[in-house]
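**Q** Here is my input, please return the structure:
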Amino acid sequence: MGLLDNLKRLIKEDFPEDVQETIGKIAYVYNSFAEQVVQEVNGNLDFNNLAMDTVCYTVTVASGVPVGNNLVKSTVNNPSGILVIKATNLTTSATYPTTAPFVSFAPSNNILKIKNISGLQDNNKYTLKLLIIP
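**A** Predicted structure coming up:
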């Protein structure tokens, strides 16, 4: 999607005199809203405006299977995917994931059951920053 064209503001004087009062009331709401939409889409759109969620999840794995807590709560209902955008080893800071971590999960409304996480060192505790995508 490209940039939105500049909007044409509603100006009550552009309309017949008998509807100018009504157009003035509509323009008061419309002009402000339309300007905000154009500004957001044309360069001010950030993560907070998207229907995604970030969640920090602390986990230890054994052969990729989470040990203990395997549930993650999210604001995204039945997500289609999870990306690990940061992995911090809390056990040994000089030990890194062997590959980019990949999360297999089963969604159930806003709760995700983590089935497997590939790429993490066994028996090391990690904090993963997850990007949960609708």
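
**Q** now the residue nearest in space to the middle of the chain, nearest residue through space, not along the chain?
**A** Nearest to the mean C-alpha position of the chain, by CA atoms, centre = their mean, lies Met52 at 2.1 Å. Using CB to CB, 6 or more residues apart in numbering and skipping the chain neighbours, the partner closest in space to Met52 is Ile133 (5.6 Å). Where C-beta positions appear, they are placed from N, C-alpha and C, glycine not excepted.

**Q** what number of residues lie near the one you found?
**A** Neighbour count for Ile133, taken as other CB atoms under 10 Å: 14.

**Q** That one: what's it in contact with?
**A** By CB atoms under 8 Å, 6 or more residues apart in numbering, the contact set of Ile133 is Met52, Val76, Pro79, Ser80, Gly81, Ile82, Leu83.

**Q** Just the buried ones among those residues, please.
**A** Met52, Val76, Pro79, Ile82 (16 or more other CB atoms under 10 Å).
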